[in-house]
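Student: This is the structure alone, sequence omitted:
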């Protein structure tokens, strides 16, 4: 099963945890609500935004998102065509509701992205837009940027089109619903083809030399009594297939931008030959050598996810791909425009409700596709985006790590002195990076002589501080 039973913080720890999470919000200076001027402008935009001229309501789009989501950025429709497939991918028309230089725009630039705190979201845009008027909710007309792709029988892209149009989603599904209907054969229409096209796109990724780590997520969930719990969750296959459509769209956007030498790319430097050789040696030491005959992506894809050695390999692999960032261009293409984990140039355009930079990406791509000049406001402000998104990403990482650390400490707070089994993920300066088998907490402890990546060792919990989110272990 992709989901395990959550590990719940004890009742005595819940109030202390709530205070610690509130303190984390204050430390990171997370905004609380929206200023009146921003809300007023958003309300006016929601009431006044005219629909695009093109009409694609004949296409029966569906959305697939986490359960309970209201900020629906993407909708899809898949069909067969002679010699392959056609993919329609609709993206929420956020630019149609945000006045450049207006109150909503300036507030969004300060936020950068929607932040997901344990005790509630901090949205990029006011809910009247992000969860209502601009969201691709089912059964209502919505403005969208509609990408259309013709694929051959191998899943390779033959042709790409982009237009602004009115769409209407027919259904809102969550991942579990979509996976269940595909597995039991009850899926029809677009959903029935999602596995087929998704697997073909994964095959294209492996041919390119790209990689999907798909490390299990550690998530904070709310309990029925309002408390907090920690849950380890593996991605469902349908999430991989759906993500491949988003990646395909981002790669098509990058191609458009590079061809016209204007836009903003999501880049990541390639690992050095020395780093790759070091990783290859680690796979040998862990008993699962990376064969020279297959690519990096295929090797990671075929790793059995339940083995302790695989956890250590994935941990080591994640260190190969660092330094992701944004590069704006206007007249000159960067020397290395590739996002190395994808083994392709790439741009963010599929989540404008939740990520600032996507609004620029959509505006630039639509202008290029229509043969028009990129709007002056977008072109003039491209250079601001890397620093805005960098600051936002750092704050999001601090919030995510700080929240998980505090919930981990709360879950373990009544188990000081208990013994746990742990997998060694790596060694660093005399310490072992470990992951408990249950609950799946990641921590460090002084490395015992027998510690090496991929082996299991017993450890004892010596302390757990909820306020700071620190836990202390020693080898048993």
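Tutor: Yep, that arrived. If you're wondering where the values come from, they're calculated on a predicted model, not measured in any experiment.
Student: I'd like the next helix or strand past the strand or helix carrying residue 146.
Tutor: Using DSSP states H and E, residue 146 sits within strand 141-152. Next along the chain after strand 141-152, taking DSSP H and E as the criterion, comes strand 157-174.
Student: before we move on, back to that, output the contacting helices and strands for the strand holding residue 146.
Tutor: Secondary-structure packing of strand 141-152 (3 or more CB pairs under 8 Å, 6 or more residues apart in numbering; DSSP states H and E): strand 84-92, strand 157-174, helix 237-260, helix 357-370. No exception for glycine: its C-beta is placed from N, CA and C like everyone else's.
Student: same thing but 10 Å
Tutor: strand 54-55, strand 61-65, strand 74-81, strand 84-92, strand 157-174, helix 189-208, helix 237-260, helix 357-370 (3 or more CB pairs under 10 Å, 6 or more residues apart in numbering; DSSP states H and E).
Student: I'd like the distance from the last one to the chain centre, please.
Tutor: Just to be clear, that refers to helix 357-370. On the basis of CA atoms, centre = their mean, to the nearest Å, helix 357-370 sits 21 Å off its chain's mean C-alpha point.
Student: Of all the residues in it, which ones are buried?
Tutor: Under the neighbour-count criterion of 16 or more other CB atoms under 10 Å, helix 357-370 has 357-369 buried.
Student: Let's have the residues you listed in a markdown table, adding pLDDT and distance to residue 115.
Tutor: Shown next, in a markdown table, are the buried residues of helix 357-370 (pLDDT from 0 to 100; distance: CB to CB, whole Å):
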| residue | pLDDT | distance to residue 115 |
| --- | --- | --- |
| 357 | 98 | 15 |
| 358 | 98 | 16 |
| 359 | 98 | 17 |
| 360 | 98 | 20 |
| 361 | 98 | 20 |
| 362 | 98 | 22 |
| 363 | 98 | 24 |
| 364 | 98 | 25 |
| 365 | 98 | 26 |
| 366 | 98 | 28 |
| 367 | 98 | 30 |
| 368 | 98 | 31 |
| 369 | 97 | 32 |
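Student: Can you add distance to residue 45 and give these back as JSON lines?
Tutor: Listed next are the buried residues of helix 357-370 as JSON lines, based on distance: CB to CB, whole Å:
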{"residue": "357", "distance to residue 45": "20"}
{"residue": "358", "distance to residue 45": "18"}
{"residue": "359", "distance to residue 45": "13"}
{"residue": "360", "distance to residue 45": "18"}
{"residue": "361", "distance to residue 45": "20"}
{"residue": "362", "distance to residue 45": "16"}
{"residue": "363", "distance to residue 45": "16"}
{"residue": "364", "distance to residue 45": "21"}
{"residue": "365", "distance to residue 45": "22"}
{"residue": "366", "distance to residue 45": "19"}
{"residue": "367", "distance to residue 45": "21"}
{"residue": "368", "distance to residue 45": "25"}
{"residue": "369", "distance to residue 45": "24"}
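Student: Which one of the helices and strands packed on strand 141-152 lies nearest to residue 37?
Tutor: Set against residue 37 and scored by CB to CB, those come closest in helix 357-370, at 19.4 Å.
Student: next SSE after the closest one?
Tutor: Assignment by DSSP H and E places the next element after helix 357-370 at helix 376-381.
Student: Out of the helices and strands packed on strand 141-152, flag the one nearest residue 475.
Tutor: Using CB to CB and comparing those, the one that lies nearest residue 475 is helix 237-260, at 36.3 Å.
Student: residues of that closest one that come out buried?
Tutor: Neighbour-count burial for helix 237-260, counted by 16+ other CB under 10 Å, picks out 237-258, 260.
Student: Packing partners of whichever helix or strand residue 283 is part of?
Tutor: Using DSSP H and E, residue 283 falls within helix 273-285. Contacts defined by 3+ CB pairs under 10 Å, 6+ apart place helix 273-285 against helix 296-301, helix 308-318.
Student: Let me see the contact set for the nearest residue to residue 345 once chain neighbours are set aside.
Tutor: Residue nearest to residue 345 in three dimensions, not counting chain neighbours: residue 254, with 3.8 Å by CB to CB, 6 or more residues apart in numbering. Residues near residue 254 by CB atoms under 10 Å, 6 or more residues apart in numbering: 263-267, 337-339, 342, 344-349, 361, 365.
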